[in-house]
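# Structure of the sequence below:
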Amino acid sequence: MSMSLTLLSIVLVAVSGCPGLWPGGRPTRGPASQWMATMLMLGGAIVGGIACLVVLRSGQAEELDRAWFLPWGRFALRLDALSALFLLPVFVVPALGSIYGMGYWRQAEHPENGRRLRFFYGLLSASMAMVVLAHDAIVFLLAWEIMAIAAFFLITTEDDNSAARQAGWIYLIAAHLGTLCLLPMFGLLAAARGSFMIEPLPVEAARGISTAVFVLALVGFGLKAGIFPLHVWLPGAHSNAPSHVSALLSGVMLKMGVYGLVRTLGLFPAPPDWWGGTLLAVGAATGLVGIVYALAQHDIKRLLAYSSIENIGIIMIGVGLAAVGRARHQPEWIALGLGGALFHVWNHALFKPLLFFAAGSVIHGAHTRDIDRLGGLARRMPRTAVLFSLGAVAACGLPPLNGFVSELLIYAGLFGSLGLQGGPTWPWAAFAAPVLALVGGLVIACFVKAYGGIFLGSPRTPDSAAAHDVGRGMLWAMTALAAGCLVIGLTPGLIIGPLRQAVTAWTADIDGDVPIAALAIIPMAWISVMGVALVALTSLGAAAWRLARPSRATGTWDCGFAAPTPRMQYTASSFTQILVAMFRWALWPDQRRPHPMSRFPTGGHYRSHVPDLVLERGVLPAIRITARLLPRARLLQQGKVQIYVLYILVILIVLLAWG
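Numbering: from 1, shown residues only. Have a look, this model is predicted:
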């Protein structure tokens with residue numbers, strides 16, 4: 001029954017953008033088609049969400065296996081608890097994004113690309129659902145490619161913008177490089193198993209291919225997830241796509257890479273220790289590099305994009321700990337590591353779309369993404385300011401929001417690997433804990449910068465001074481995500497059951513009671529009590545402040561200036577200048593300082609830019625060099641059949657000699 005409901009929801013989501021594709025309609029059909037798309041998306045989300053909750057509650061898996069028209073593989077799908085846990089955000093986030101898009105990307109205001117956006121928005125959501133359900137490698141790869149192409153057209157929605165076109169092409173190249181890694185990976189698995197079914201391997205069959213499969217999976221799925229240094233496509237794509245598309249890419253599509261890697265690790269009964277150590281190191285590096293780059297950004301959407309990289313790093317730390325636990329047969333490490341990682345998958349799927357929606361509202365109201373040109377929006381956009389602050393607190397991992405508990409689970413697992421109470425040890429895992437703590441402190445500084453630069457102080461431009469809050473539809477979508485962050489943060493015990501089912505589905509060699517016992521290390525009931533108390537105290541303090549606030553408005557201390565201007569206040573860049581200088585060795589900032597040449601200079605300008613070293617100093621120069629060298633290979637294209645036959649003959653002789 002759950003499989004049938006899930007397939008029905010996928011069909012509804014996939015066709016949600018079709019009503020706007022009929023040719024030559026009346027002008028009134030644009031808004032009508034947008035409403036129809038939203039209703040279909042909501043219907044699919046409700047049906048699919050019910051199916052996912054049923055599976056997460058019962059833990060019972062359902063399968064569908066049919067022959068199909070292709071000569072390879074079968075149309076095989078499987079819905080278990082692990083799939084359902086990743087599938088639920090696939091339905092929830094696009095539905096809320098569709099509601100948000102009703103006000104943010106109206107068809108009347110975007111007649112040239114609104115219908116195309118809605119079509120590929122639904123197609124991307126449906127293809128991600130098929131990726132999670134796929135139980136056959138051929139089905140997985142087909143859905144994976146549809147997902148890549150749909151995301152490309154969404155990133156390049158504003159195809160008249162050169163930055164959006166460049167970001168789209170960089171993404172498409174990265175996506176296909178990832179697919180080139182997945183093809184041989186699935187080929188090795190099929191050769192070892194004798195079929196294209198995605199199922200656990202016998203120990204004997206896994207020995208000869210394990211290293212190659214792990215490396216190919218790490219690169220192929222890591223490119224999609226955005227781990228460092230494979231993140232090159234992510235900042236440009238997230239910053240140039242429409243905001244509700246950025247929310248879908250960050251909140252959901254990045255997790256498809258995480259899902260693929262987790263599912264691949266689950267195919268090996270006893271992976272070596274170095275797999276988990278590698279994932280721990282990659283996760284720590286990804287988290288630290290992501291948040292350091294986020295600190296240096298002026299563009300609010302690029303800041304959130306690099307913050308997503310940081311969150312992927314946190315998830316990878318949890319997955320790495322689970323891989324170590326699988327290698328050493330320690331179900332407690334598996335439960336805390338994978339449980340914390342999966343919990344953070346849900347949490348990130350809530351607070352990051354909320355932040356992207358709020359950023360889109362700021363852009364919609366103030367017409368700029370530059371944090372240094374904003375300011376004072378808390379008075380002009382109070383609802384957006386409150387919702388952004390809730391998302392920021394959740395992203396910082398602070399109570400009583402949802403980001404706190406998932407990181408606490410990962411911390412408990414990392415410290416548990418030290419064997420402080422006489423248990424088994426693997427102390428190398430604990431080295432990720434200080435990095436995670438450092439990342440947490442930098443995240444707080446990053447979002448203090450973002451919130452202070454955008455919402456506090458005085459408006460720095462006329463557009464900021466004239467900004468206004470957004471419509472009800474956009475606010476409802478953000479409010480739903482904020483409510484999810486608050487409810488999960490206050491009642492984290494509700495998530496333990498689904499986490500237990502997902503962890504049990506990932507490994508079959510542990511007792512079903514062990515994961516829940518390990519997860520019970522965290523006092524969920526006390527977290528709920530303290531969270532409710534914190535919310536109550538905060539509410540009482542805010543009410544008391546409003547009652548005691550003086551009725552007469554006065555100015556702040558002006559440092560002795562008779563006529564202060566908005567330019568005299570701190571900017572977001574100046575706020576984090578010390579931290580950027582501290583990590584100069586990693587960021588290599590490009591700074592242009594004024595050089596006064598007289599005693600009374602007329603003016604000066606300061607500009608700072610932090611390039612992405614991997615992209616701007618590595619990938620793009622390599623592409624330019626390749627573009628200059630490839631035309632020389634045209635000498636091989638003579639246009640003569642006899643020359644091509646000669647090529648084939650030479651290659652055959654070489655292969656025969658080599659064989």
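# Could you report the distance from the spatially most central residue of the chain to residue 401?
Within the chain, the residue whose C-alpha comes closest to the C-alpha centroid is residue 250; the distance, by C-alpha atoms, centre = their mean, is 3.1 Å. Residue 250 sits 18 Å away from residue 401 when distances are taken as C-beta to C-beta, to the nearest Å. Any C-beta I mention is one placed from the backbone N, CA and C, and that applies to glycine too.
# Wasn't residue 529 part of a helix?
Yes - looking at residue 529 with DSSP: H, G, I helix; E, B strand; the rest coil, it is inside a helix.
# ranges for the helices of the stretch 401-550 of the chain?
Listed in chain order, the helices of the stretch 401-550 of the chain (DSSP state H, counting those that start in this stretch) span 403-416, 432-455, 462-465, 472-490, 493-506, 513-519, 524-548.
# I figured the residue nearest to the centre of the chain was touching residue 302, is that so?
No - contact criterion C-beta atoms under 8 Å: residue 250 and residue 302 do not qualify, at 11.8 Å.
# Next up, the contacts around residue 88.
With contact set as C-beta atoms under 8 Å, 6 or more residues apart in numbering, residue 88 has these partners: 48-49, 52-53, 56, 346.
# With distance to residue 10 and neighbour count added, can I get the residues you listed in TSV?
Conversion of the contacts of residue 88 to TSV gives the following (distance: C-beta to C-beta, whole Å; neighbours: other C-beta atoms under 10 Å):
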residue	distance to residue 10	neighbour count
48	7	28
49	13	20
52	12	28
53	16	14
56	18	25
346	20	21
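# Just checking, which helix or strand of this protein averages the lowest pLDDT?
Of all the helices and strands that make up the chain, the one with the lowest confidence by mean pLDDT, DSSP states H and E is helix 513-519; it has a mean of 64.
# All the helices of the stretch 251-400 of the chain, in order from the start?
254-265, 273-295, 300-327, 331-366, 377-380, 382-395.
# Any chance of CSV for the ones you listed, columns mean pLDDT and distance to residue 619?
Rendered in CSV, the data for the helices of the stretch 251-400 of the chain read as follows (pLDDT from 0 to 100; distance: least, C-beta to C-beta, whole Å):
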stretch, mean pLDDT, distance to residue 619
helix 254-265, 94, 18
helix 273-295, 93, 15
helix 300-327, 94, 16
helix 331-366, 93, 25
helix 377-380, 90, 35
helix 382-395, 94, 28
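# Can you add distance to residue 638 and give those back as JSON lines?
Conversion of the helices of the stretch 251-400 of the chain to JSON lines gives the following (distance: least, C-beta to C-beta, whole Å):
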{"stretch": "helix 254-265", "distance to residue 638": "42"}
{"stretch": "helix 273-295", "distance to residue 638": "46"}
{"stretch": "helix 300-327", "distance to residue 638": "46"}
{"stretch": "helix 331-366", "distance to residue 638": "52"}
{"stretch": "helix 377-380", "distance to residue 638": "63"}
{"stretch": "helix 382-395", "distance to residue 638": "58"}
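# closest one to residue 520 among the ones you listed?
Across these, residue 520 has its closest neighbour in helix 331-366 (9.6 Å, C-beta to C-beta).
# ok now the closest one, how far from the chain's centre?
Here helix 331-366 shows a centroid-to-chain-centroid distance of 8 Å under the convention C-alpha atoms, centre = their mean, to the nearest Å.
# Pass me the low-pLDDT residue ranges in this structure, would you?
Segments of the chain classed as low confidence (criterion: pLDDT under 70) are 22-30, 420-424, 509-517, 549-558, 562, 596-597, 601-604, 606.
# per-domain residue ranges of it.
Here the domain parsing of the chain from automatic domain parsing is 324-544, 614-658.
# any idea which of those is most buried?
Comparing the domains of the chain by mean neighbour count (mean count of other C-beta atoms under 10 Å), domain 324-544 comes out on top with a mean of 20.
# Distance from that domain to the middle of the chain?
Distance of domain 324-544 from the chain centroid (C-alpha atoms, centre = their mean) equals 13 Å.
# May I have the distance across it, first residue to last?
This stretch, domain 324-544, spans 51 Å end to end (C-alpha to C-alpha, to the nearest Å).
# again with stretch 264-274
Stretch 264-274 has an end-to-end distance of 16 Å (C-alpha to C-alpha).
# Give me the buried positions along that stretch.
When burial is assessed from 16 or more other C-beta atoms under 10 Å, stretch 264-274 yields the following buried residues: 264-269, 271.
# Farthest-apart pair in the residues you listed, please.
Taking C-beta to C-beta, the two most distant members of the buried residues of stretch 264-274 are 264 and 269; they sit 13.1 Å apart.
# on that earlier part again, ok, the contacts of residue 88 vs residue 504, which is closest?
Distances from residue 504 to these, taken by C-beta to C-beta, are shortest for residue 56, at 11.3 Å.
# got the contact list for the closest one?
By C-beta under 8 Å, 6+ apart, the contact set of residue 56 is 81, 84-85, 88, 497-498, 501-502.
# do that again at 6 Å, thanks
Residue 56 makes contacts with 81, 84, 498, 501, as judged by C-beta atoms under 6 Å, 6 or more residues apart in numbering.
# One more: residue 31?
residue 107.
# ok, so what distance separates it from residue 110?
Taking C-beta to C-beta as the criterion, residue 31 is separated from residue 110 by 12 Å.
# Ok, which of the helices of the stretch 251-400 of the chain comes nearest residue 563?
Among those, if distance is taken as C-beta to C-beta, the winner is helix 377-380, at 21.0 Å.
# Other residues contacting the closest one?
Residues outside helix 377-380 that contact it (C-beta under 6 Å, 6+ apart): 385, 454-455, 467.
# what's the answer for stretch 36-51, then?
Residues outside stretch 36-51 that contact it (C-beta under 6 Å, 6+ apart) are 2, 5-6, 8-9, 12-13, 16-17, 19, 91, 94-95, 98, 118.
# Whichever of those residues end up buried, select them in PyMOL.
A single PyMOL command is used to select the members of those judged buried by 16+ other C-beta under 10 Å:
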select buried, resi 2+5+6+9+12+13+16+17+19+91+94+95+98+118
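# From the contacts of stretch 36-51, which land in helices?
When the contacts of stretch 36-51 are checked against helices (DSSP state H), the matches are 2, 5-6, 8-9, 12-13, 91, 94-95, 98, 118.
# of those residues, closest to residue 460?
The shortest separation between residue 460 and any of the ones in helices among the contacts of stretch 36-51 is 33.3 Å, and it belongs to residue 98 (by C-beta to C-beta).
# show me the contacts for the closest one.
With contacts defined as C-beta under 6 Å, 6+ apart, the neighbours of residue 98 are 38, 41.
# can you do 7 Å?
37-38, 41 (C-beta atoms under 7 Å, 6 or more residues apart in numbering).
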